[in-house]
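A.B. asks: Quick one, what's the 3D model for this:
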Amino acid sequence: MTNFAVIGIQHLHVFELVNGLLDAGADDVAYAGDDGPLLDLYASWRSDGHRRSIDEILADPAVDLVVLAGVPSDRAGIAVAALAAGKAVLSDKPGVTSLDQLDAVTAAAEAAGRPWWVLFSERFTNRAVTAAVSRAQRGEIGRVVDVVGLGPHSLMADGRPDWFWDPDRSGGILVDIGSHQVDQFCAIVDPDVASDITVTSAAVGNVACPEHPDMQDVGRITLAGLGAIGSHRVDYLTAEGLDTWGDVRLMITGTGGSLEVRANVDPAGADGGEHLIQVDRTGTHRIDCSAVAVDWADRLRADLDNGTDEFLPAAHVERVCRLTLDAQARAARWPLP
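C.D. replies: Numbers count the residues shown, from 1 in each chain. As a prediction, the model looks like this:
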């Protein structure tokens, strides 16, 4: 049995993380967090849970895994303390908001011999994205030469906490939501973390949110590695007329075909989400992704039980974090001159 405790309840992703772990047979034994509407919602959902202090959770030998979904800039400090206490750590993205934090967490994980994972959930919880990445890795469209990732989001301003508007606390748009696209590019072109991937350009800006001038509502990252280019845009510009939070897309071009994901909506009119179209030398195929396993938590538990590093390798997590932090730090202001 894997016993886990949640520390920090500041993002709706906490429900996704906890649901996945519960479905995999793990047991939630406690939670800690600041008062607020999300904590109230969590407490009502997990009505048999026990609210405890952070210190109590970290001192409890029954807790195997700590799940972090607090304010992004606070996650690294708690991760270091949890690792030092012998816990494995699963963080919502972003796991860190600075290079100093990343160095501290990776050093703590190595010293403790315990894993620190950051779940880039778009790849692991959307079946179409999962399938597209796997098919590209298997070479079904030849050698990958180009990846385009689009991560539009709805602003939903009325429900956002104070930290969301402050890039020092959120990490900035590229570190935060741009990490999904960076994760996908790295997993597609170099899953073994065997070669260099670099940031070739980046930009961030505020184009539609003047009431929060420091907030970034649009960002771009361009990556290059192993003969492939990755062009990625993230934003908070989804119009209210769309019946989902964002028309997330992933387009992978190879020397023998292409894969296109429409993660949440199909503009051609097919119902629901998780749409995948593959074009190859045999024709055009709409792939049924309904049977694709959402098994990230089972794989995480297997790594915990076996002492392996296969589910989300530490080197991959560190690289994704370094690339997004690099992009955020060097980003030009939008619009470009």
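A.B. asks: mind listing the helices for this structure?
C.D. replies: Here the chain has its helices, by DSSP state H, at 13-23, 37-45, 54-59, 72-84, 99-112, 121-125, 127-137, 167-170, 173-176, 178-189, 296-306, 314-330.
A.B. asks: Between those helices, which one is closest to Gln216.
C.D. replies: Of all those, it is helix 173-176 that lies closest to Gln216, at 4.0 Å by CB to CB. C-beta coordinates here come from the backbone N, C-alpha and C atoms, glycine included.
A.B. asks: ok, back up a step: now that we have the helices of the chain, can you turn them into JSON lines and tack on mean pLDDT and distance to Ile7?
C.D. replies: Shown next, in JSON lines, are the helices of the chain (pLDDT from 0 to 100; distance: least, CB to CB, whole Å):
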{"stretch": "helix 13-23", "mean pLDDT": "97", "distance to Ile7": "10"}
{"stretch": "helix 37-45", "mean pLDDT": "94", "distance to Ile7": "12"}
{"stretch": "helix 54-59", "mean pLDDT": "98", "distance to Ile7": "6"}
{"stretch": "helix 72-84", "mean pLDDT": "98", "distance to Ile7": "6"}
{"stretch": "helix 99-112", "mean pLDDT": "98", "distance to Ile7": "14"}
{"stretch": "helix 121-125", "mean pLDDT": "96", "distance to Ile7": "18"}
{"stretch": "helix 127-137", "mean pLDDT": "98", "distance to Ile7": "27"}
{"stretch": "helix 167-170", "mean pLDDT": "98", "distance to Ile7": "17"}
{"stretch": "helix 173-176", "mean pLDDT": "98", "distance to Ile7": "19"}
{"stretch": "helix 178-189", "mean pLDDT": "98", "distance to Ile7": "20"}
{"stretch": "helix 296-306", "mean pLDDT": "98", "distance to Ile7": "17"}
{"stretch": "helix 314-330", "mean pLDDT": "98", "distance to Ile7": "19"}
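A.B. asks: would JSON lines of the ones you listed with distance to Ser91 and mean neighbour count be doable?
C.D. replies: Shown next, in JSON lines, are the helices of the chain (distance: least, CB to CB, whole Å; neighbours: other CB atoms under 10 Å):
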{"stretch": "helix 13-23", "distance to Ser91": "9", "mean neighbour count": "18"}
{"stretch": "helix 37-45", "distance to Ser91": "16", "mean neighbour count": "14"}
{"stretch": "helix 54-59", "distance to Ser91": "15", "mean neighbour count": "16"}
{"stretch": "helix 72-84", "distance to Ser91": "5", "mean neighbour count": "22"}
{"stretch": "helix 99-112", "distance to Ser91": "9", "mean neighbour count": "17"}
{"stretch": "helix 121-125", "distance to Ser91": "11", "mean neighbour count": "20"}
{"stretch": "helix 127-137", "distance to Ser91": "20", "mean neighbour count": "22"}
{"stretch": "helix 167-170", "distance to Ser91": "14", "mean neighbour count": "18"}
{"stretch": "helix 173-176", "distance to Ser91": "12", "mean neighbour count": "27"}
{"stretch": "helix 178-189", "distance to Ser91": "11", "mean neighbour count": "26"}
{"stretch": "helix 296-306", "distance to Ser91": "12", "mean neighbour count": "17"}
{"stretch": "helix 314-330", "distance to Ser91": "9", "mean neighbour count": "21"}
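A.B. asks: Can you lay out those helices as a markdown table showing distance to Phe4?
C.D. replies: Shown next, in a markdown table, are the helices of the chain (distance: least, CB to CB, whole Å):
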| stretch | distance to Phe4 |
| --- | --- |
| helix 13-23 | 6 |
| helix 37-45 | 14 |
| helix 54-59 | 10 |
| helix 72-84 | 11 |
| helix 99-112 | 17 |
| helix 121-125 | 16 |
| helix 127-137 | 23 |
| helix 167-170 | 25 |
| helix 173-176 | 23 |
| helix 178-189 | 22 |
| helix 296-306 | 10 |
| helix 314-330 | 18 |
